[in-house]
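In: Here is a sequence together with a model predicted from it:
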Amino acid sequence: MSRANPGPRAPSRAARNALPPEYISAAGDDARVTRSICCYCGTGCGVRIHSSAGRVLTVDADPLHPSNQGLLCSKGRALAGTVHHDGSRVLSAQWRGSRSERRRDIALDEAYDIAARELARIIETHGPNAVAFYVSGQLLTEDYAVFNKMARALVGTNNIDTNSRLCMSSAVTGYKLTLGADAPPACYDDLALADTVLIAGANPAFAHPVLYQRLAAAKAARPDMKVIVVDPRRTDTCALADLHLPILAGSDVALFHAMLNIMVWDGLVDDDYIARHTAGFAPLKQRIHEFTPGAAENICGVPAQDIVKAAHWFGRAGSALSLYAMGLNQSSSGTAKNTALIHLHLATGQIGRPGTGPFSLTGQPNAMGGREAGAMATLLPGHRDPGNAAHRHEVARLWGVDSLPELPGRTALDIFEGLRQGRVKAVWIAATNPAQSLPDQARVRAALSRAELVIVQEAFSHAETLAYADLVLPAATWPEKSGTVTNSERRISRVRAAITPPGDARPDWQLACAVARRLARRIAPWKAALFDYDGEAAIFAEHARMTAGQDLDYSALTHEILDRDGPLQWPYKPGKAPDPAASARLYQDGVFPTGDGRARFHDGGYAPVAEPVSAQYPLRLTSGRMRDQWHSMTRSSLETALTRHAEEPRIYLHPSDMRRGRVSDDDLVRVRTRRGVLVLPARQDDALRPGHTFLPMHWGSAFMAGDGINALTSSARDPLSHQPELKHSAASVQAAPFAWSAQAWLHGPAPALRLRLMPWLRRFPFAMLLPSAMGGESVRLRMAGDTPPAADTLHELACALELREADLSFDDPARGIVRRIRRQGSALHAWLLAGDVRAAPALLQWADSGEAPASPGQILMGRASAAPRPAIVCTCGNVSDAAIRQALDEGMDVEQVKTTLQCGVFCGACVPQIQRMAAEPRARPLTA
């Protein structure tokens, strides 16, 4: 097969330095352009931040960054719209002395003193292991390094973990058990060089859109490239698939074992590579004998011949690359899934060469940097092991302390279980939102409620976890802070501040150091100097020195070098001229960072999901990302244009399951698991397997009644990686007819309006409060209940919606009916329909267009009707599905639609959806 590299080549080092890190824009003397990194996924895209007078104006792709090469997804393109919003930020420190009090604003110095005093009290009373730190892949490496040093060298506990435990710990464990180190061996250029690409448990079209675009370009240039997608859903990534294997959720290990068994029987393994560079193949070979194609078909639910085809395409490829993410990792057998996939590469020698290797796609922008800094309970800095006495001694020496704690630390779920049981008394949470993102929310929220001290270091005012905070520290965020991040291909890039933080917000490392110095004066005065840093560069220099002699060694790297040479991959060792070809791919010599230099086949065995379906819970509930949102949406939802592609939470079911449950599109249903219940609108989706349901992971209690999506998910976890099984829960779905419902809309700044209206989410069994782009910035409110609320409740609701004085109104309190409309000229300011919502589509159309209908009174009387608003397909170009279908009906092909409507030509994330629409049956256009 041809290995021509399609698309733009990675910029040379000279090209990358054609412009300095920050430069004056041609737009004017006060306009600046700052080169930085996108703050969303682990792709690590370079961006240019255009700012003036302390405000971010626009953000675009940095064409000189080697990771994205001028590409940027819809979220990255919209970053400027997330920065300046009244009511969206935590601007000052806050404190409450008891849970019966409301928090009050306090000065930062007082907050630092309170944190130090309370932590010292708990340490002196209950010991250091009564304190825990829960941090985040959203932090910069410098932030991570300070938190880790504070936990272990000052407090004296290994109780520090990160939300990377929820996304990457199975990948970490899988790499370490097989290859010897947590080090992805491939690079992004391999996307264009592989003959076969196996994508398992990943949807890069949504989760890593720029990598998807690079792969799509490679596939277009080399149509003979084979793409295999393993996923229970037919995701947008399947638009590239030559073969889609829609396995039953959780059956990945059986599939990979069967593929390896086929390769062994058909002579497709590399016996020489196995003999020279690996150990442990013989017992694994015995194990996989039972995984015949037929046996795997019974377990996985896909045809045996397709499993054989996948094995042959992988085993016969000149170069085979695998891409994988949460579908493998978020599992009670996540480590076994990772190792079983890596076995395919080791058995065929598909590693260490261009276009090959098992490539874990990191979820967060700096999950890799956090692992390098050792900010997980199971890690120490520089990929060291806290269970290894020699490693502890070495890190203690490098930090300048006598010793480090020996007792194993609590991982993420164990931290919160310790809080719930009263064994952990204090938790410091930074840059993450566990009251939305952790599974089994009832237990998590009970844990936070029972803690003696909850410190939340947060930038955004809508984070659900703030409700449980005793002390709030105001954090700076992108684009207000500087440091480094490491992306999925081991590339370290500089993050640079373009504007100053608002209010009292400070970079995370500064907040942590300020508390650490005060805490040290109380419990170990000589350690206060450990946290005296001149700036981010000094922290990075200390951290980089700790990688010396390790597999990732970048001890020679500094901020100055990164500013001079641009983003660089590790290893970056001292005394050697940097060799990009050598650092691009690991294990090119077949030598692995193990005791004998050999990779290991690690037989984890196949195990079914922790929570099988049953008569009571007959459906398999899985979760995943939406295209235009990120994590708990505290940032991404601030740009209301990003809400148009998926405006509200829904549960997706196969049409056959909808019919069985007698449920139609947009009907409300109760979704139950053993842990909780939510009421959601239903939507049919034939991309699912029958018996499978899908929920987007992003929706928390800031947007809906109840505890959010993770009220339903399971805390069952992998015994080795301690990662929870967020991808599978047994569930039931039943129709939830309500006698009364209401809808409302209010124009204005969405963050401030959401904060004001959020209490209404707790007053109805079904409610949604959603940011909206209709009529500019606005919010939508939906509610339903078994009986109409009292008249005074309806009046209170109308007042909250600024409808005390309405231009048009009709009230019938006895029947729970309220209809009110308030205008601003011809445009709408607010409306409420309670008890009869038939006119809602017409009002939404009015709000969206700004044009009043001919007879507004008909709307008020419930007699007006309108077609549902078209859904937005292309966020970047604001192009709807209706416009695209009309163009297709007129006979245009996909490329003509893209050119004519200017959709799919910006970030490209919507192209798979346009292609699906083009494949729909349609009448031929009339011809003259």
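Out: Perfect, thanks for sending it.

In: from here on, contacts and neighbour counts on C-alpha atoms
Out: Noted.

In: end to end, how far does stretch 373-390 reach?
Out: 17 Å (C-alpha to C-alpha, to the nearest Å).

In: average model confidence for it?
Out: The pLDDT scores in stretch 373-390 average 98.

In: buried ones in that stretch?
Out: 373-387 (16 or more other C-alpha atoms under 10 Å).

In: Now compare these and name the two farthest from each other.
Out: Greatest spacing in the buried residues of stretch 373-390, by C-alpha to C-alpha: 373 and 387 (16.2 Å).

In: what domains does the record give for the chain?
Out: 13-82, 96-167+366-584, 170-360, 619-735, 740-860, 872-919 (automatic domain parsing).

In: you'd agree residue 335 is up against residue 717?
Out: No - checked against C-alpha atoms under 8 Å, the pair residue 335 and residue 717 is beyond contact range at 10.4 Å.

In: Of these two, which one has the most company?
Out: Neighbour totals were compared for residue 335 and residue 717, and residue 335 leads with 29 against 20 (other C-alpha atoms under 10 Å).

In: List the buried residues of whichever helix or strand the more buried one is part of.
Out: Per DSSP states H and E, residue 335 falls inside helix 334-348. Buried positions in helix 334-348, judged by neighbour count with 16+ other C-alpha under 10 Å: 334-348.

In: For residue 431, state which of the residues you listed is nearest.
Out: residue 334 (25.1 Å).

In: What about the residue lying closest to residue 293 once chain neighbours are set aside, how many residues nearby?
Out: Spatially, and ignoring its direct neighbours in sequence, residue 293 is nearest to residue 304 (4.9 Å; C-alpha to C-alpha, 6 or more residues apart in numbering). Residue 304 has 19 neighbours, counted by other C-alpha under 10 Å.

In: follow-up on the earlier one: what does the helix holding residue 335 rub up against?
Out: With contact meaning C-alpha atoms under 8 Å, 6 or more residues apart in numbering, helix 334-348 is reached by 170-171, 173-175, 177-178, 252-253, 256-257, 259-260, 268-271, 273-274, 278, 315, 320, 328-329, 350-351, 357-358, 599, 601-606, 718, 720-721, 723.

In: Try it again at 6 Å.
Out: 170, 174, 253, 256, 269-270, 328, 358, 604 (C-alpha atoms under 6 Å, 6 or more residues apart in numbering).

In: Looking at those residues, which are in helices?
Out: Those of the contacts of helix 334-348 mapping onto helices are 170, 174, 253, 256, 328, per DSSP state H.

In: Tell me, how many residues neighbour the fourth one?
Out: For residue 256, the number of neighbouring residues by other C-alpha under 10 Å comes to 26.

In: hmm, which two among the buried residues of helix 334-348 are most spread apart?
Out: Across those (C-alpha to C-alpha), the longest gap, 22.2 Å, separates 334 and 348.

In: so the residue nearest to residue 293 makes contact with residue 297?
Out: Yes - here residue 304 lies in contact with residue 297, judged by C-alpha atoms under 6 Å, at a distance of 5.3 Å.

In: Among the domains of the chain, show the one with the smallest mean pLDDT.
Out: Of all these, mean pLDDT reaches its minimum on domain 13-82 (a mean of 89).

In: Strands along the stretch 551-700 of the chain, start to end?
Out: Using DSSP state E, counting those that start in this stretch, the strands of the stretch 551-700 of the chain run over 568-569, 599-600, 619-624, 651-653, 668-672, 677-684, 692-696.

In: Reformat these as TSV; add distance to residue 859.
Out: Below are the strands of the stretch 551-700 of the chain laid out as TSV (distance: least, C-alpha to C-alpha, whole Å):
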stretch	distance to residue 859
strand 568-569	60
strand 599-600	69
strand 619-624	38
strand 651-653	30
strand 668-672	24
strand 677-684	24
strand 692-696	33
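
In: Those strands: which one's closest to residue 240?
Out: Across the strands of the stretch 551-700 of the chain, closest to residue 240 is strand 619-624 (C-alpha to C-alpha), at 19.1 Å.

In: What is the closest one packed up against?
Out: For strand 619-624, the helices and strands in contact under the criterion 3 or more C-alpha pairs under 6 Å, 6 or more residues apart in numbering; DSSP states H and E are strand 692-696, strand 729-735.

In: Okay, buried residues for it please.
Out: Here strand 619-624 shows 619-624 as buried, counting by 16+ other C-alpha under 10 Å.

In: follow-up on the earlier one: can I get the domains of the chain in TSV with distance to residue 611?
Out: Shown next, in TSV, are these (distance: least, C-alpha to C-alpha, whole Å):
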stretch	distance to residue 611
domain 13-82	29
domain 96-167+366-584	13
domain 170-360	10
domain 619-735	6
domain 740-860	27
domain 872-919	33
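
In: and residue 595, which of those domains is closest to it?
Out: domain 170-360 (8.7 Å).
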